[in-house]
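**Q** can't give you the sequence, but here's the structure:
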């Protein structure tokens, strides 16, 4: 196909993608040094409409190093209708770190498993992946490096890393084969491109991208999850396990509250000093008192250290991206605290019960949630998951009390009454959530909340215990 015809058809396919907004596309290029990756992307960018294209070729920033590894890639996922182009992307770190022996063989395999899970989740959410391995034999690579070194116009592009990659050519080639074999899938195929003249290579890449753009979209739900959807092997809690204690009088409550908040203030300052990130995830039955409990926590904290994220129905921007994106982007930097009033568990609770997500999607979410939380723990995050429970009778009493008070009526909605009618359905979903998302470091704290004072003290105690368990470590 002639260049001008291919260019016109590629642009037509891109504009159709932008108009339909059914899916996004990621083009990822990695491989050997001096295979024209940067030049290819620059030329391809001229062919495409820039308003619908994003190019990413940066190393991790200091901001990105203060968050879990995958945060920097999640925040750059293109929304529906757009193309994201990544040079090396999530493969470069693992490939070159292993070639330089900064990553052990076991850690390399672990990273490849994480990549498989990441790409499966993207594909299931409507992201189409095209991955290109740029190949070159060692002698041709050496000639290219020598020619570039002598070129007065383009010589500045050459650096010591390029020569280092040349010395590692055999290792990078072998690791590249292992990497491609471990991460190739129907939803994330690899294409290997031998080194060619830049103009010819641009034709090949442009044709592959157009082929990807015009292919009919697959149903996202058919993509298999990488993390098995299995119940926890450890004994799980059940909603019926919550038992309210006798009501606590005001005076002893005030004393215990002050003590617990003072303890939290000390723990939070020490976590900040040691640059430990903290994530608190609040879930619970309507009217159980999440807001009041969160207020008692934040009253003990420095306002500069925390942020409360109140999760409601997704915005238009969030609907255009994979569902987990809005939680990844809100993760705290090291030494900070993120408090989620509702969380990623909405997918297996309200979205399940109200049929807002297909069954395949919420069932797949158990494994995705476990992997998400595992990434938090690997980064060193203190994760505290709290579920606030009340009895059916106490919920009715609180609903009626809200309805009777003008300054609290806004808290009661038709959705609250509708959710109450599906009490048994929610109870089943909650118990399954407990069973399938318990893991070491990511256990649930089930808080009985018929008595608000007792509940708030238990919430503070749960958070303090989780922080103190981490702070006893010298790391």
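**A** The structure has been received and is ready for your questions. Model, not experiment: these values are computed from the prediction.
**Q** C-alpha only now, for contacts and for neighbours.
**A** Fine.
**Q** So the chain: which segments form each domain?
**A** According to automatic domain parsing, the chain is divided into the following domains: 3-222, 242-471.
**Q** any idea where the strands of the stretch 251-400 of the chain begin and end?
**A** With DSSP state E, counting those that start in this stretch applied, the stretch 251-400 of the chain shows strands at 278-284, 306-310, 337-341, 382-389, listed in chain order.
**Q** Redo those as TSV? Include distance to residue 434.
**A** Formatted as TSV, the entries for the strands of the stretch 251-400 of the chain read as follows, by distance: least, CA to CA, whole Å:
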stretch	distance to residue 434
strand 278-284	11
strand 306-310	22
strand 337-341	18
strand 382-389	10
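**Q** Enumerate every residue touching the nearest residue to residue 38 once chain neighbours are set aside.
**A** Of all residues not flanking residue 38 in the chain, residue 87 sits nearest, at 7.6 Å (CA to CA, 6 or more residues apart in numbering). When the contact criterion is CA atoms under 8 Å, 6 or more residues apart in numbering, the partners of residue 87 are 28-30, 37-38, 55-57.
**Q** one more time with 6 Å
**A** Under the criterion of CA atoms under 6 Å, 6 or more residues apart in numbering, the contact list for residue 87 reads 28-29, 57.
**Q** picking up where we left off before, between the strands of the stretch 251-400 of the chain, which one is nearest to residue 410?
**A** The minimum distance between residue 410 and the strands of the stretch 251-400 of the chain falls on strand 306-310, with 15.9 Å, by CA to CA.
**Q** what residue ranges in this protein score low on pLDDT?
**A** Low-confidence segments of the chain (pLDDT under 70): 218-235, 474-475.
**Q** Grab the longest helix from it for me.
**A** The helix that spans the most residues within the chain, counting by DSSP state H, is helix 250-273.
**Q** ok, residue 404 - how many residues close by?
**A** The burial metric for residue 404, expressed as a neighbour count using other CA atoms under 10 Å, is 11.
**Q** whoops, residue 197 was the one
**A** That count, for residue 197 with other CA under 10 Å as the rule, works out to 9.
**Q** what about residue 59, distance to residue 69?
**A** Here the criterion is CA to CA, to the nearest Å. By it, residue 59 lies 12 Å from residue 69.
**Q** Remind me which helix or strand residue 109 belongs to.
**A** Secondary-structure element containing residue 109, defined by DSSP states H and E: helix 105-124.
**Q** Give me the distance between that helix and the centre of its chain.
**A** Distance, stretch centre to chain centre, for helix 105-124: 13 Å (CA atoms, centre = their mean, to the nearest Å).
**Q** again with stretch 243-250
**A** Remark: stretch 243-250 is offset 39 Å from the chain centroid, using CA atoms, centre = their mean.
**Q** just checking, residue 336 touches residue 305?
**A** Yes. Between residue 336 and residue 305 there is a contact under CA atoms under 6 Å: 5.2 Å.
**Q** Neighbour count for those two, which is higher?
**A** A side-by-side neighbour count of residue 336 and residue 305, using other CA under 10 Å, places residue 336 first with 23 against 16.
**Q** do you know how far that one is from residue 310?
**A** 17 Å.
**Q** Check residue 438 too.
**A** Noted for residue 438: a distance of 23 Å to residue 310, by CA to CA.
**Q** Looking at those two, which one has more neighbours?
**A** It is residue 438, of residue 438 and residue 310, that has more neighbours when counted by other CA under 10 Å, with 20 against 12.
**Q** Dihedrals phi and psi, the more buried one?
**A** Main-chain torsions, residue 438, degrees, to the nearest 10: phi -80, psi 140.
**Q** Can you give me the separation between it and residue 236?
**A** Here residue 438 is placed at a distance of 7 Å from residue 236 (CA to CA).
**Q** go on, residue 382?
**A** 20 Å.
**Q** Can you pick out the residue with more neighbours from those two?
**A** Neighbours were counted for residue 382 and for residue 236 using other CA under 10 Å; residue 382 has more, 23 against 18.
**Q** Give me the nearest residue to the more buried one, chain neighbours excluded.
**A** Counting by CA to CA, 6+ apart, residue 278 is the residue found nearest to residue 382 once chain neighbours are left out, at 4.7 Å.
**Q** ok, now which ones touch that neighbour?
**A** So residue 278 contacts 337, 381-382 (CA under 6 Å, 6+ apart).
**Q** so which of the residues you listed comes closest to residue 107?
**A** When the contacts of residue 278 are compared for distance to residue 107, the smallest value, 19.7 Å, is given by residue 381; criterion: CA to CA.
**Q** Perfect, I'm done here.
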